[in-house]
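In: sequence-free structure coming up:
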């Protein structure tokens, strides 16, 4: 019985460490609604700070399109759109 508990504990530890390693290596989960909310705030702040940018209109359009994708459940497309908006504004 004690041997079985030890084996199960070791297996659980291996899974946890494996997941942590994968996440640290850049294998993140698919974008979620939370990803969209976070990036929407970041883009909104960047638009506010860069109102005089010649790319403001394009970035604003990308942000609106990204929000539409996120609201439709297409989180990957939304996150990509927010990324393009940030790139247009020169924000990383």
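Out: Yep, that arrived. Computed from a prediction, not measured in an experiment: that's the story for all the values here. Numbers count the residues shown, from 1 in each chain.
In: which helix or strand lies directly C-terminal to the least confident helix or strand in the chain by mean pLDDT?
Out: In the chain, no helix or strand scores lower on mean pLDDT, DSSP states H and E than helix 2-24, which sits at a mean of 47. Following helix 2-24 in sequence order, the next helix or strand is helix 33-49 (DSSP states H and E).
In: can you list the domains in this protein?
Out: Domains of the chain are assigned by automatic domain parsing as 1-29, 33-89.
In: which stretch in the ones you listed has the least confidence?
Out: Per-stretch mean pLDDT for those is lowest at domain 1-29 (a mean of 49).
In: phi first, then psi, for residue 51.
Out: In terms of degrees, to the nearest 10, the main-chain angles of residue 51 are phi -60, psi -20.
In: just give me the neighbour total for it.
Out: Residues within reach of residue 51, counting by other C-beta atoms under 10 Å, total 8. Yep, even glycine has a C-beta here, placed from its N, CA and C like the rest.
In: list the contacts for it?
Out: Contacts for residue 51 were tallied using C-beta atoms under 8 Å, 6 or more residues apart in numbering; there are none.
In: how near is it to residue 41?
Out: According to C-beta to C-beta, to the nearest Å, residue 51 stands 17 Å off from residue 41.
In: and for residue 68?
Out: 17 Å.
In: what of residue 57?
Out: Distance of residue 57 to residue 41, computed by C-beta to C-beta: 20 Å.
In: likewise for residue 67?
Out: According to C-beta to C-beta, residue 67 and residue 41 sit 12 Å apart.
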